[in-house]
Every structure is written in structure tokens, then in C-alpha cells.
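Enquirer: Generate a structure from the sequence data that follows.
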Amino acid sequence: MGIFHTVLVVFIVSYAIQLIVITLAYGNTSFWEVNDNVVAKKSIEKASVIIAARNELENLKKLLNSLSKQKGVSFEVIVALDRCEDESQKYLEEFTQKDARFKYLVIKEIPKEIISGKKWAITKAIETAESDILILTDADCWPASDFWLKAIVEKYSDPNIQIVLGYGGYEKRSTWINKVIQYDTLITGGLYLSMANLGMPFMGVGRNISYRKSFFNRVGGFKNHYSIISGDDDLFVNANATKSNTSIIFDKNSQTYSRPKKTFSSWYHQKIRHLSVGKYYKLKDKLILSLVNGSQILFYSSFFILLTFSKGTAYLTALYAIRQMLLFMTLSKLQENIGEKTDLKLTFALDLFHTLYLTIVGFIATLTKKVRWK
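Expert: The predicted structure is shown next:
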């Protein structure tokens with residue numbers, strides 16, 4: 001079999017896998033019916049909001065002010081200050097005197113055997129939590145609505161649910177890097193939410209995640225990956241989430257936003273940190289993600305190689321167009337469901353860039369051994 005036919009086989013196989021991935025791994029959530037009516041009744045259970053912060057004074061001001069306006073549920077907020085060198089403690093001293101729902105604890109040092117300060121800070125905050133329902137977010141985030149907590153708490157009406165995975169978006173700006181971040185966030189969110197909805201949860205994001213305190217303690221918290229800087233969100237979910245104990249939520253009321261990186265360099269380092277923990281996933285999940293991402297890389301690379309042979313160009317172009325239109329329609333519906341307004345006119349360019357990023361940054365991340373938090 002010659003080079004042309006070999007590449008053609010690769011194209012056909014990767015093309016078929018991509019159609020399945022787009023339809024199931026993204027489309028599964030895209031065509032869900034979304035219920036935005038979270039103001040109908042007051043939630044019974046109390047929630048404990050857990051925040052780990054390190055030198056995040058300005059971000060904390062915005063987040064705590066937003067949390068103070070949450071409605072429809074009783075809650076407390078616990079901020080764990082991880083070896084802060086700014087004025088965060090002074091600010092929290094004043095803020096907690098005004099609102100008794102807010103508490104904080106100061107961590108001046110962490111045990112030598114603990115590498116991840118963030119995981120240690122989260123664990124210490126969880127130990128003081130009064131509620132069994134824990135809702136976690138990052139210090140540089142803020143809720144999309146005043147009913148964020150209520151929307152998540154209501155998912156626990158099913159006694160089997162121990163983990164709730166939410167969607168964490170980014171603030172929109174009119175720059176190319178922001179468009180890349182918005183697209184990457186949409187693709188990533190669609191994938192982990194859809195996979196969870198299919199009964200195969202494999203990750204979540206620390207910007208918007210929840211689980212029960214009793215469950216966290218029962219599985220040993222972060223004890224199995226304290227030696228890894230990142231992964232307080234996805235490694236915990238990957239190790240403990242199942243079809244029966246995990247639920248998802250992604251309507252507008254349940255989302256959070258965060259400030260995006262402003263440069264490719266800062267975003268690159270953030271993605272390296274995020275992707276570097278993928279090698280610690282369960283084998284099954286690594287194989288599935290390899291199939292999802294690998295088929296995308298092979299689809300594009302084989303398509304462009306085949307074009308150089310000038311054989312069957314019309315058929316290749318037609319197949320390419322079908323895949324791209326399916327992707328566009330699926331992401332459009334997903335965007336509509338989560339209430340986003342990402343500029344999908346650039347879908348094809350962004351998807352190609354996303355493929356290059358998966359190839360280069362993903363490879364580098366697998367070789368990266370040392371990252372840092374703040």
C-alpha cells in the first residue's frame with residue numbers, strides 16, 4: 001500500500017472517530033434542555049463555600065462582595081490564606097466583622113512532605129466547614145448570578161449525588177488570545193460535562209466544583225496526590241467520580257467567571273500546569289482522551305497531506321466541510337445552552353489552532369515534571 005492510500009486510511013478512520021466525538025462527546029450536552037428556574041423555592045441544605053487564596057487581595061474583594069449577594073440558600077464562606085504576603089488578612093479581618101457568614105484562616109507554613117500549598121489550604125478550610133455540601137471556586141472567580149449557590153445545592157436533592165461539576169467561563173475581551181481562551185474553555189467544558197453526562201466523568205475545574213464533605217473525608221481527600229502541585233480539581237474527580245455519584249450543571253445561573261490571561265505566554269504556562277496532570281489520570285480516561293485528541297490531530301494532518309496529492313480533492317473537501325459544519329452546529333447549540341456568546345464565525349480557524357496547541361503544548365505538558373501555584 002502506497003503513501004497516498006496509507007494516509008487515506010488514516011484520514012477515513014480519524015474522520016469517522018471525529019464524527020462520533022463531536023456527536024457524543026460534545027453534542028451530548030449541547031442538546032440538553034436547560035432549566036433556568038432556580039428561584040422557585042428556598043433550598044433547605046446549607047452550603048460551605050471554600051476558597052484558597054495566595055496574594056489575591058483585589059480578586060478577593062470582588063469575589064466576596066459578589067458572594068455576599070447570593071440568594072435562596074443559607075451559606076458560609078471560608079477563605080484559606082495560603083502564606084500570603086499582601087494585605088489579604090487585614091481585609092478579611094474587617095470584612096468578617098461586618099458579615100458573620102464569612103470566615104478565614106491563616107496558613108503560615110505547610111508540612112515539608114506536602115508539595116501543593118493549595119490542596120493543603122483547601123483541606124484545612126474543609127476541616128472547619130459546618131455544612132456537608134462544599135462548593136469550591138478560585139479566588140480570581142465570581143458567580144455569574146445571585147443564585148449560583150442555590151442552583152448547585154439543588155443538585156443534591158438526589159441522595160446518591162456526591163459530586164457536582166459546573167462550568168467556569170472567562171471574561172470576554174476583544175483580543176485574539178481571548179478568542180482562543182474562550183474557544184478552548186467551550187471545548188473543554190463541553191467535553192468533561194458531556195462525558196460525565198454519558199456516565200464517564202473524568203475531570204472538573206476548580207473554578208466551579210462541588211462535593212460533599214463526608215465524601216471528601218471518606219475517600220481520603222487529596223492524600224493520593226499531595227505530591228502533585230496541580231489537580232485539586234481534576235485529579236480528585238478522576239479518582240473518585242462515577243456514573244452514579246456525579247451530576248453536572250451548566251445553565252447560566254450556575255456558572256462562574258474568571259479573569260483570562262492577557263498574553264500567549266501567560267496562557268501557555270497556565271495550560272502547561274493544567275495539562276501536566278493528565279498523565280496521572282486513570283488508564284481508561286487517558287485512552288479515551290488520546291482517541292479524542294489524537295483523532296483530531298490525525299484528521300487535520302492527513303487531510304492537508306492528501307491535498308498535496310491532488311486526488312479526489314472534491315470528495316475530501318466535501319467530507320471536511322461536513323465535519324466542520326457538524327462541529328459548528330454542535331458548538332452553537334452548546335453555546336446557546338450555557339448562555340455564552342463566543343464568536344463562532346472563527347470556529348474553523350480556532351479549531352485548527354486548537355489542534356496545533358494540542359499537538360505542541362500537550363506533548364510538552366506530558367514531559368513537564370515541575371509546575372507551581374502562584
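
Enquirer: Tell me which residues touch E85, please.
Expert: E85 is in contact with N55, counting by C-beta atoms under 8 Å, 6 or more residues apart in numbering. To be clear about C-beta, it is placed using only N, CA and C from the backbone, and glycine gets the same treatment.

Enquirer: gap between it and E56?
Expert: Going from E85 to E56 by C-beta to C-beta, to the nearest Å gives 11 Å.

Enquirer: Kindly report the same for S247.
Expert: Taking C-beta to C-beta, one finds S247 at 29 Å from E56.

Enquirer: now do Y104
Expert: Separation of Y104 from E56 (C-beta to C-beta): 12 Å.

Enquirer: same deal with A16?
Expert: Distance of A16 to E56, computed by C-beta to C-beta: 46 Å.

Enquirer: more neighbours, the two?
Expert: The neighbour comparison of A16 against E56 (other C-beta atoms under 10 Å) goes to E56, with 22 against 12.

Enquirer: ok, so what distance separates the more buried one from L326?
Expert: According to C-beta to C-beta, E56 and L326 sit 41 Å apart.

Enquirer: Ok, A80 next?
Expert: A80 sits 44 Å away from L326, taking C-beta to C-beta as the criterion.

Enquirer: who has more neighbours, those two?
Expert: A80 (27 against 16).

Enquirer: tell me the secondary structure for that one?
Expert: A80 carries the three-state label strand when classified by DSSP: H, G, I helix; E, B strand; the rest coil.

Enquirer: Could you list everything it pairs with in the sheet?
Expert: Beta bridges link A80 to A52, L105, judged by DSSP bridges.

Enquirer: For this structure, which element, helix or strand, carries the lowest mean pLDDT?
Expert: Lowest on mean pLDDT, DSSP states H and E among the helices and strands of the chain sits helix 27-30, with a mean of 67.

Enquirer: show me where the stretch 201-350 of the chain has helices.
Expert: Using DSSP state H, counting those that start in this stretch, the helices of the stretch 201-350 of the chain run over 213-218, 234-240, 264-275, 283-307, 313-338, 347-367.

Enquirer: Tell me the buried residues in the fourth one?
Expert: Of all the residues in helix 283-307, those buried under the rule 16 or more other C-beta atoms under 10 Å are 285, 288-289, 292-296, 298-303, 305-306.

Enquirer: Same check on the fifth one?
Expert: Neighbour-count burial for helix 313-338, counted by 16+ other C-beta under 10 Å, picks out 316, 319-320, 323, 326-328, 330-331, 333-335, 337-338.

Enquirer: Report pLDDT for the nearest residue to L316 once chain neighbours are set aside.
Expert: Sequence neighbours aside, L306 is the residue nearest to L316 in space, at 5.7 Å (criterion: C-beta to C-beta, 6 or more residues apart in numbering). Each residue has a pLDDT score; the one for L306 is 94.

Enquirer: likewise the one 4 residues further on?
Expert: S310 carries a pLDDT value of 82.

Enquirer: can you check T368 too?
Expert: Here, the pLDDT recorded for T368 equals 67.

Enquirer: cool, the one 4 residues further on as well?
Expert: Looking at R372, its pLDDT is 57.

Enquirer: do the same with S43
Expert: What the model reports for S43 is a pLDDT of 51.

Enquirer: how about the helices in the stretch 51-200 of the chain?
Expert: 57-67, 88-98, 117-128, 148-153, 176-197.

Enquirer: Dump those helices into TSV; add mean pLDDT as well.
Expert: Shown next, in TSV, are the helices of the stretch 51-200 of the chain (pLDDT from 0 to 100):
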stretch	mean pLDDT
helix 57-67	97
helix 88-98	96
helix 117-128	94
helix 148-153	96
helix 176-197	92
